[in-house]
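Engineer: Only the shape, not the letters, is given here:
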């Protein structure tokens, strides 16, 4: 057999074998990947049937860890400030919502620590003054903004201690407000859950007269 004929024969044989090898390799790949693909498709289908095609939900109360302890001993501003906008957990992880509460207050109002803890941040974020406090004995962290801080990172603060003053600018409210947040790790929680019922539902304390005891002049 001449060299030319041998080369032609090898080329023809390779052209015949190559498609077969491709088919065999594709079969092996599908054999390995098919179970995972089936499971993935089944999971998506089950979710679509059970929820009508809705997006996966954001972590709910059952996914946010243990209940928030009512360890608050003071409102961040005022005695019983108006809640301009409450906590609105998003329907999905990245969905729209309100991850905190907005409290009405005048510019320059002292902003106080709701509970005792340690200042983990005091500075500016995206042009707004922010103070974060890690609450003692918990895995919770409160945030306050926009604030001109009077504390520094690492400071230990008591409940009711002043952290700074409310800035006249930087609020996302139509009027001046304090945005108060609460987080456990990366999960946002309702900061109002830190307040015990007597503080959450009560108004300013008043001294009531006692029968038979004259009122001081």
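Structural biologist: Arrived safely. Note that the structure is predicted; figures quoted are calculated from it, not measured.

Engineer: C-alpha only now, for contacts and for neighbours.
Structural biologist: Noted.

Engineer: any idea of the pLDDT on the nearest residue to residue 152 once chain neighbours are set aside?
Structural biologist: Spatial nearest neighbour of residue 152, excluding adjacent residues (Cα to Cα, 6 or more residues apart in numbering): residue 122 at 5.7 Å. Looking at residue 122, its pLDDT reads 98.

Engineer: just for the chain, where's the confidence low?
Structural biologist: 1-64, 92-95, 97, 203-217 (pLDDT under 70).

Engineer: how about the strands of it, start to end?
Structural biologist: In the chain, the strands defined using DSSP state E lie at 83-85, 101-104, 110-112, 117-125, 128-135, 140-145, 147-149, 156-157, 162-166, 177-184, 187-189.

Engineer: Would you mind giving the ones you listed as JSON lines with distance to residue 77 added?
Structural biologist: Below are those laid out as JSON lines (distance: least, Cα to Cα, whole Å):
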{"stretch": "strand 83-85", "distance to residue 77": "11"}
{"stretch": "strand 101-104", "distance to residue 77": "8"}
{"stretch": "strand 110-112", "distance to residue 77": "5"}
{"stretch": "strand 117-125", "distance to residue 77": "17"}
{"stretch": "strand 128-135", "distance to residue 77": "14"}
{"stretch": "strand 140-145", "distance to residue 77": "10"}
{"stretch": "strand 147-149", "distance to residue 77": "11"}
{"stretch": "strand 156-157", "distance to residue 77": "16"}
{"stretch": "strand 162-166", "distance to residue 77": "9"}
{"stretch": "strand 177-184", "distance to residue 77": "8"}
{"stretch": "strand 187-189", "distance to residue 77": "19"}
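
Engineer: do you know which of these lies nearest residue 69?
Structural biologist: Across these, residue 69 has its closest neighbour in strand 140-145 (9.7 Å, Cα to Cα).

Engineer: Next, the angle strand 162-166 makes with that closest one.
Structural biologist: Strand 140-145 and strand 162-166 are oriented at 30 degrees to each other (axes from the mean of the first three to the mean of the last three Cα atoms, to 10 degrees).

Engineer: Would you mark the buried spots in strand 140-145?
Structural biologist: 140-145 (16 or more other Cα atoms under 10 Å).

Engineer: Equivalent analysis for stretch 155-167, please.
Structural biologist: If you call a residue buried by 16+ other Cα under 10 Å, then stretch 155-167 has these buried ones: 156-167.

Engineer: show me where this structure has helices.
Structural biologist: Under the criterion DSSP state H, the chain carries helices at the ranges 3-51, 197-200.
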